[in-house]
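dropping a prediction and its sequence here:
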Amino acid sequence: MPQFAVVVPHSLSREDARNRLDQLIERMRSQHGDRLNDMQGGWVSDILNFSFSTMGMAISGAMNVEDDRVSVRGQLPLAASFFRGKIEQTIRSELQNVLT
């Protein structure tokens, strides 16, 4: 399976970064809930494991909150690999907005 990876720096505490990521997830659910199905996620320490499906494609991954950055890694279905650059750009943009 193709993978995606994004790293976004931040200057927040880990707790503040986690709280902002939680707010981002809730915003995504409310704004895009009609296109995101089976959206699930859970924190294990400073790692948010997530999964959802969109347009019949399952996407999963993990966000790791570190002292000075958030790293996102995940799996894409083969059909979505053609859009990997756009997906990474969108994730980066959303994280930069929420972490600054």
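Noted; the coordinates are in hand.

hey, let's count contacts and neighbours off CA atoms from now on
OK.

now Leu95: closest residue in space, sequence neighbours ignored.
Val8 (6.8 Å; Cα to Cα, 6 or more residues apart in numbering).

please name the nearest non-neighbouring residue to Met39.
In space, Met39 is closest to Phe52, 4.2 Å off (Cα to Cα, 6+ apart).

next, the contact list for the residue nearest to Leu95, please.
Listed by Cα atoms under 8 Å, 6 or more residues apart in numbering, the contact set of Val8 reads 69-71, 92, 95-96.

over to Val65?
Here Val65 is in contact with 14, 17-18, 46-47, 71 (criterion: Cα under 8 Å, 6+ apart).

10 Å instead, please
8-10, 13-15, 17-18, 21, 45-48, 71-72 (Cα atoms under 10 Å, 6 or more residues apart in numbering).

same thing with Met28?
By Cα under 10 Å, 6+ apart, the neighbours of Met28 are 22, 35-36, 39.

check which helix or strand covers it.
Using DSSP states H and E, Met28 sits in helix 14-32.

so what strands line up beside the helix or strand that that helix is followed by?
Per DSSP H and E, the first helix or strand lying C-terminal to helix 14-32 is strand 37-44. The pairing partners recorded for strand 37-44 under DSSP bridges are strand 47-54 (antiparallel).

quick one: average pLDDT of the strand it pairs with?
The average pLDDT within strand 47-54 is 90.

could you identify the buried members of the contacts of Val8?
With burial judged by 16 or more other Cα atoms under 10 Å, the buried subset of the contacts of Val8 is 69-71, 92, 95.

of the residues you listed, closest to Gly56?
Distance ranking of these against Gly56, using Cα to Cα, places Arg92 first at 23.3 Å.
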